[in-house]
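> Need a 3D model of the following:
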Amino acid sequence: MDKQSTRPNEQNEEAGSVLDLLRNALEQYNPRLWTERNISTERGKPLEFANRPWLKQIYDDHHPRITVQKAAQIGATMWAFTQAVYEAAVHGRTCSVQLLIRARPGCYAAWVSAR
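A predicted model of the protein is given here:
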């Protein structure tokens, strides 16, 4: 009876390890998933996208140059630096963040260069 009682726990552990492997593999290709797991806000809380739906598409975009026309304080600077950290931590690349703020209100461009 002991073997039967431990079997569900073993299955849960195996399922948990498989889920962890899948999540780690997905994080290699999805910066948003990696960010949710590894980056905290200035207040020490996990960076979540439930209350920032406008950032999901930006984080999921893999183009090397992304231009964002935005309002103030939407999280675009945090995105630029998070992308650089992601590229360095996950892919071992040397990165630079380039921000361009134009004289026109609401115009902002950022890209992360990775080698």
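
> separation between residue 66 and residue 98?
In this view, residue 66 and residue 98 are 11 Å apart by Cβ to Cβ, to the nearest Å. C-beta: built from backbone N, CA, C; applies to glycine.

> what does residue 30 give?
To residue 98, residue 30 is 23 Å away according to Cβ to Cβ.

> Tell me which of those two has more neighbours.
residue 30 (16 against 11; other Cβ atoms under 10 Å).

> Would you agree residue 98 falls within a helix?
No. Per DSSP: H, G, I helix; E, B strand; the rest coil, residue 98 lies outside any helix segment and is strand.

> confidence score at it?
Looking at residue 98, its pLDDT reads 72.

> Quickly list what it is bridged to.
Beta bridges link residue 98 to residue 111, judged by DSSP bridges.

> Quick check: it vs residue 19, distance?
Note on residue 98: its distance to residue 19, by Cβ to Cβ, is 37 Å.

> what do you get for residue 61?
For residue 61 relative to residue 19 (Cβ to Cβ), the value is 26 Å.

> And these two? Which one has more around it.
The neighbour count for residue 61 versus residue 19, taken as other Cβ under 10 Å, is higher for residue 61 (14 against 10).

> Kindly list the main-chain dihedrals of that one?
As for residue 61, its main-chain torsions (degrees, to the nearest 10) stand at phi -80, psi 130.
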